[in-house]
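# coordinates only, sequence not included:
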């Protein structure tokens, strides 16, 4: 239809070649899409690392390895315990009376036999004096009877009578002296006055608790040993004891039980620790490490440890043919800069970088750790990855 100027607008339907152009364009688009889908858009790069090998297989994964030779390492048993005083006792009053002297205070160190308190003697001193006088008179009577019998003027009965009186007087004197001795409340051994239950001027009864004395030198650390390790621990062997707070001491095993606890199936053991200055208090927690033998082990960073499909802890190595092997390991001992593990061959090429990308039986390209400028954990370049938790009984 013509427009206002009398001209007719262009319509491509009027062009007999227009429909063919559209089909040509659509065909070109289809070819381009097919070309891109076929992978022919970019030519292959002969030097690309991802290119397949001549046999169609992928390039092996590159890993870093470190040559490691097993060394002798001391296997240690770790047990948790608690510090106990070497001796502890309650001191009681042996007599009834008023506390006349109290020369010690709570927390004071005392020597063996030191006076803790003294009870007022009351009439006991007079009874002692009377017993001494009675003994002197009984001895004179006995001596006179003996002299008379020797001269033929005395009798055997009189001598026996005076002998019995003498023995009774001696017994009364011994009792009087013991009563005086019982007035003194003394420390049975050297130690610390942990509790003081009496006060100056207080009246106490015989048998009442006066004080509690604890001996902290040496300390005793009680631990429990598992059934699997009790045979490796012997009395007299050394032990390393670390108390909560960081204080460390060398101790000695002084007792190993011969009967297991029915509930826990563990054995009691005791480690004696020097504490001459008494700085380590009783009752605090302690960690005890006991050497239980030598074993061949490799020192590795915790970062090289991995788990297999079954959840077993292990280390991956590479053999001379470049094949990866997974070795289940056991942690022998843990240190701040790494762990000692057993279960590897005497000589091993341990995968230190890339172990997370390869598996058992896989072929890899090997790169030496030293050539790549990577340090070993033992030289202070350990990964910050934490070590796996060890058994609650054995520090590996």
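Looks like it arrived, so ask away. Keep in mind that this is a model prediction, so the values were computed, not measured.
# Would you confirm that residue 100 belongs to a helix?
No - going by DSSP: H, G, I helix; E, B strand; the rest coil, the assignment for residue 100 is strand, not a helix.
# Who are the contact partners of it?
118, 119, 120 (C-beta atoms under 8 Å, 6 or more residues apart in numbering). Yep, even glycine has a C-beta here, placed from its N, CA and C like the rest.
# try 6 Å
Residues near residue 100 by C-beta atoms under 6 Å, 6 or more residues apart in numbering: 118, 120.
# Over to the one 3 residues further on?
Residue 103 makes contact with residue 115, according to C-beta under 6 Å, 6+ apart.
# Can you get me a residue count around residue 122?
Residues near residue 122, counting by other C-beta atoms under 10 Å, number 15.
# On the three-state scheme, residue 356 is what?
helix.
# Which residue, neighbours along the chain excluded, lies closest to it?
Excluding the flanking residues, the one nearest residue 356 by C-beta to C-beta, 6 or more residues apart in numbering is residue 306, at 6.8 Å.
# Check for me that that neighbour belongs to a helix.
No - judged by three-state DSSP, residue 306 forms no part of a helix; its state is strand.
# What's opposite it in the beta bridge?
For residue 306, the residues forming beta bridges with it (DSSP bridges) are residue 314.
# Tell me, how many residues neighbour it?
16.
# And residue 308, how far from residue 359?
Taken as C-beta to C-beta, to the nearest Å, the spacing of residue 308 relative to residue 359 amounts to 8 Å.
# same check, this time on residue 141
Taken as C-beta to C-beta, the span from residue 141 to residue 359 is 108 Å.
# Of the two, give the one with the bigger neighbour count.
Just comparing residue 141 and residue 359: by other C-beta under 10 Å the higher neighbour count belongs to residue 141, 18 against 14.
# Now that one: which helix or strand?
helix 124-151 (DSSP states H and E).
# Buried residues, that helix. List them.
Neighbour counts using 16 or more other C-beta atoms under 10 Å place 124, 127, 128, 131, 134, 135, 138, 141, 142, 145 of helix 124-151 among the buried residues.
# Which single one of those residues is nearest to residue 65?
Distance to residue 65 across the buried residues of helix 124-151 (C-beta to C-beta) is lowest for residue 124, with 88.7 Å.
# gap between the closest one and residue 107?
31 Å.
# angle of the next helix or strand after the helix holding residue 141 against helix 124-151?
Where DSSP H and E defines the elements, the next helix or strand beyond helix 124-151 is helix 156-181. If you take axes from the mean of the first three to the mean of the last three C-alpha atoms, to 10 degrees, helix 156-181 sits at 160 degrees to helix 124-151.
# on that earlier part again, in terms of secondary structure, what does the helix holding residue 141 contact?
helix 156-181 (3 or more C-beta pairs under 6 Å, 6 or more residues apart in numbering; DSSP states H and E).
# pLDDT of the helix it packs on, averaged?
Helix 156-181 carries an average pLDDT of 93.
# ditto for stretch 255-262
92.
# what comes into contact with stretch 77-90?
188-189, 209, 212-216, 218-223, 229, 282, 284-290, 292, 394-395.
# Swap in 7 Å and give it another go.
For stretch 77-90, contacts defined as C-beta atoms under 7 Å, 6 or more residues apart in numbering pick out 188-189, 191, 209, 212-225, 229, 233, 243, 280, 282-290, 292, 393-395.
# Please spell out which residues along the helix or strand harbouring residue 331 are buried.
Per DSSP H and E: residue 331 is located in strand 330-335. Buried positions in strand 330-335, judged by neighbour count with 16+ other C-beta under 10 Å: 330, 331, 332, 333, 334.
# Report the central residue of the chain.
When C-alpha atoms, centre = their mean is applied to the chain, the residue found nearest the centroid is residue 287 (2.6 Å).
# secondary structure class for it?
Per three-state DSSP, residue 287 ends up strand.
# pLDDT score for the closest residue to it other than its chain neighbours?
Spatial nearest neighbour of residue 287, chain neighbours left out: residue 242 (4.9 Å); criterion: C-beta to C-beta, 6+ apart. pLDDT, residue 242: 94.
# Contact partners for residue 242?
With contacts defined as C-beta under 7 Å, 6+ apart, the neighbours of residue 242 are 248, 286, 287.
# Ok, residue 258 next?
Taking C-beta under 7 Å, 6+ apart, one finds nothing in contact with residue 258.
# Return the distance of it relative to residue 322.
54 Å.
# repeat for residue 110
74 Å.
# Settle it for me: which of the two has more neighbours?
When residue 110 is set against residue 322 and neighbours are counted by other C-beta under 10 Å, the residue ahead is residue 110, at 19 against 14.
# Near the closest residue to that one other than its chain neighbours, how many other residues are there?
Of all residues not flanking residue 110 in the chain, residue 187 sits nearest, at 4.7 Å (C-beta to C-beta, 6+ apart). Per other C-beta under 10 Å, the neighbour tally for residue 187 reads 22.
# So residue 187 versus residue 143, what's the distance?
43 Å.
# Next: residue 228.
Residue 228 is 77 Å from residue 143, where distance means C-beta to C-beta.
# that older thread, tell me the one among the buried residues of helix 124-151 nearest to residue 345.
For the buried residues of helix 124-151, the nearest to residue 345 is residue 124 (83.7 Å; C-beta to C-beta).
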